[in-house]
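J.: here is my input; please provide its structure:
(one chain, ligands or ions: 1)
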Amino acid sequence: MSTPVYPGVRAQRCPFDPPPEYADWRAADGLQRATLWNGATAWVVSRYDDVRAVLADSRISADARRYPELNPGAQNGQPHSFPRMDDPDHARLRRMLTGEFTVRRVAAMRPHIEELVDHFLDEMIDKGRPADLVRDFALPIPSLVISMLLGVPYADHEFFQQHSATINHANASPEEKAAAGKALFGYLAGLVQRKQAEPGDDLISRLLTDRVATGELSRPEVAMNGMILLFAGHETTANMIGLATLALLRHPDQAARIRDTDDPAVIANAVEELLRYLSIAQDMILRVAAEDLTIGGQAVRAGDLLTINLPAANRDPVFLDQPDIFSFDRNVRGHMAFGHGIHQCLGQSLARAELQVALPALLRRLPTLRLAIPFEDVKFRHDMSAYGVHELPVTW
Ligand code: HEM
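T.: The predicted model follows:
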């Protein structure tokens, strides 16, 4: 039998569910072998317990220098990015950013996120029906939020959205990905230079003033951190907003629960279930075994690639009863939509805040919101590292 491709294609009948073969991979002995976007083969880790163990295991490395052919950016002469490093190097760089994304800092940004959400809703409604919810709502909100936090001019959003999409596209060639990475890095390096001369009240300026001045960080490292945050900060959240909206349109009873409550705890819980149920990070976590070891009964050799199947792990019946049912009635604490271990999503509080603000506002403002095309015609992002919808034509 030929090696399957990872990520697989979710069924059009229920495009929120993981591809059907993932359940077999979870049930089988050992780990599944699969082909990745560039033709390399990797072990796919699909069981909840195995994923948790792998992501907490220091013998399993995230260091891109161990798999350069899968990280075209690593060959550009740019500094390495901390998500693709191991501790202690990773921890040194990540620590300088954690203060920007604490629950408290994000709570302070919330009124601003609310204003932005209202603004984009006003604009979309003014433009008239039908609208593409991705273009007019899901993408601009996280893009603008991360741009403002970093101090990146939002006027340049088409430039960075387009290059981020190329990096995220499973079918883009290594050369295309490398070129997009180079363009983004060059853009950030230019911005860092300008902010060095004229600092503002933003994250990049704070890194320059607090960390470059002390010798803790180099300017290229600041540009790289800015690039990582810009890239990680908008595509993922945008896809969650788009896909979550579609899931809510298909489950009006659950949508009503969000629309009709003013209890922040109910909304927060609903967002967690959406994150788990949709598990959009379908092809974002790549690792390499740094030594020979056994995972889930499978012998893995040093140098073997591992890819982490979050959609399968978050639907593992070992983790949750009736995992394929979408319900706001349960507690999904322990889901891994943001990963696990030392690389667990740095921006998760921000992503949660954006979702907790955007989804109720949309449902309340447009209670008659519905798809403007047949469900069967929606174009899903099967071939992207973050799953979602390419566009979402809606009316109200
Ligand atoms: C890491 C998912 C939003 C910044 C991760 C990882 C996942 C993830 C699964 C783990 C990667 C790994 O282990 O290799 C998501 C999802 C989001 C989201 C589903 C939205 C719903 C954000 C936002 C930001 C962000 C808004 C920034 C503002 C990062 C960074 C890392 C990361 C910097 C790397 C952390 C590290 O390696 O230490 N994210 N993310 N993410 N995310 Fe997110």
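
J.: use CA for all of it now, contacts and neighbours both
T.: Noted.

J.: can you give me the end-to-end span of stretch 285-304?
T.: Start and end residues of stretch 285-304 are separated by 14 Å (Cα to Cα, to the nearest Å).

J.: could you give me the average pLDDT of it?
T.: Across stretch 285-304, the average pLDDT comes to 96.

J.: just how off-centre is it within its chain?
T.: Distance, stretch centre to chain centre, for stretch 285-304: 24 Å (Cα atoms, centre = their mean, to the nearest Å).

J.: near the ligand, which residues of the chain show up?
T.: 82-83, 94, 229, 232-233, 236-237, 240, 280-281, 284-285, 337-339, 342-348, 350-351 (Cα under 6 Å from any ligand atom).

J.: make a PyMOL selection of the buried ones in those residues.
T.: Applying 16 or more other Cα atoms under 10 Å to the residues of the chain next to the ligand, the buried members can be selected in PyMOL as follows:
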select buried, resi 82+83+94+229+232+233+236+237+240+280+281+285+337+338+339+342+343+345+346+347+348+350+351
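
J.: out of the residues of the chain next to the ligand, which sit inside helices?
T.: Applying DSSP state H to the residues of the chain next to the ligand, the entries found in helices are R94, L229, A232, G233, T236, T237, M240, Q348, L350, A351.

J.: so what's the fifth one closest to, chain neighbours aside?
T.: Nearest in space to T236, with sequence neighbours left out and distances taken as Cα to Cα, 6 or more residues apart in numbering, is A386 at 6.0 Å.

J.: and that neighbour, how many neighbours?
T.: 24 (other Cα atoms under 10 Å).

J.: quick one on the thing from earlier: so which two of the ones in helices among the residues of the chain next to the ligand are the farthest from each other?
T.: Using Cα to Cα, the pair of these lying farthest apart is R94 and M240, separated by 23.9 Å.

J.: separation between the residue nearest to the spatial centre of the chain and Y387?
T.: By Cα atoms, centre = their mean, the chain has its centre lying nearest to T236, at 3.3 Å. Using Cα to Cα, we find T236 at a distance of 8 Å from Y387.

J.: G297 now?
T.: Applying Cα to Cα to G297 and Y387 gives a distance of 29 Å.

J.: the more surrounded of those two?
T.: When G297 and Y387 are compared on other Cα under 10 Å, the one with more neighbours turns out to be Y387, at 25 against 11.

J.: that one against T237, yeah?
T.: No: using Cα atoms under 8 Å, Y387 is not in contact with T237, being 10.7 Å away.

J.: and the worst-scoring helix or strand of the chain on mean pLDDT, how far out from the chain's middle?
T.: Here the helix or strand of the chain ranked lowest by mean pLDDT, DSSP states H and E is helix 157-168, holding a mean of 85. Mean-position distance between helix 157-168 and its chain equals 14 Å (Cα atoms, centre = their mean).

J.: re earlier: hey, what's in contact with both of T236 and Y387?
T.: Common neighbours of T236 and Y387 are listed as I280, A281 (criterion: Cα atoms under 8 Å, 6 or more residues apart in numbering).

J.: quick check: closest non-adjacent residue to A255.
T.: Leaving aside its sequence neighbours, A255 sits nearest to L248 (Cα to Cα, 6+ apart; 5.0 Å).

J.: R59 too?
T.: Per Cα to Cα, 6+ apart, closest to R59 is A290, 5.4 Å.

J.: surely the one you found is in contact with D63?
T.: No: taking Cα under 8 Å as the definition, A290 is not a contact partner of D63, at 9.6 Å.

J.: comparing the two, which residue is more hemmed in?
T.: D63 (22 against 19).

J.: that one against S81, yeah?
T.: No: between D63 and S81 there is no contact under Cα under 8 Å: 9.3 Å.

J.: before we move on, the earlier item: residues touching the residue nearest to T236, list them.
T.: The neighbours of A386, taking Cα under 8 Å, 6+ apart as the test, are N168, E235, T236, N239, I280, A281, Q282, D283, M284.

J.: host element of the residue nearest to A255?
T.: When elements are assigned from DSSP states H and E, L248 belongs to helix 219-250.

J.: just the angle between that helix and helix 157-168, please?
T.: Using axes from the mean of the first three to the mean of the last three Cα atoms, to 10 degrees, the direction of helix 219-250 lies 90 degrees away from that of helix 157-168.

J.: helix 219-250 packs against which elements?
T.: Under the contact criterion of 3 or more Cα pairs under 8 Å, 6 or more residues apart in numbering; DSSP states H and E, helix 219-250 touches helix 140-150, helix 157-168, helix 174-197, helix 203-207, helix 252-259, helix 264-278, helix 348-365.

J.: out of these, which gets nearest to A223?
T.: Per Cα to Cα, nearest to A223 of those: helix 174-197, 5.1 Å.

J.: ok, the residue nearest to I280 when sequence neighbours are not counted to A172 distance?
T.: Nearest non-adjacent residue to I280, counting by Cα to Cα, 6+ apart: Y387, 4.6 Å away. Between Y387 and A172 the computed distance is 15 Å (Cα to Cα).

J.: could you list the low-pLDDT ranges of this structure?
T.: 1, 69-76, 170 (pLDDT under 70).

J.: buried ones in stretch 309-324, by neighbour count?
T.: N309, L310, P311, A312, A313, N314, R315, D316, P317, F319, L320, P323.

J.: stretch 107-123 too?
T.: Within stretch 107-123, the residues scored as buried using 16+ other Cα under 10 Å are M109, R110, I113, E114, L116, V117, D118, F120, L121.

J.: and the third one, what does it touch?
T.: By Cα under 8 Å, 6+ apart, I113 lies in contact with I141, V145, E354, V357.

J.: in those, find the pair that's most separated.
T.: It's V145 and V357 that sit farthest apart of the contacts of I113, by Cα to Cα, at 12.5 Å.

J.: against R13, how distant is the residue lying closest to L139 once chain neighbours are set aside?
T.: Ranked by Cα to Cα, 6+ apart and with sequence neighbours excluded, the top spatial neighbour of L139 is A238, at 4.7 Å. Separation of A238 from R13 (Cα to Cα): 23 Å.

J.: which of the two has more residues huddled nearby?
T.: Shown here are A238 and R13; by other Cα under 10 Å, A238 has more neighbours (26 against 9).
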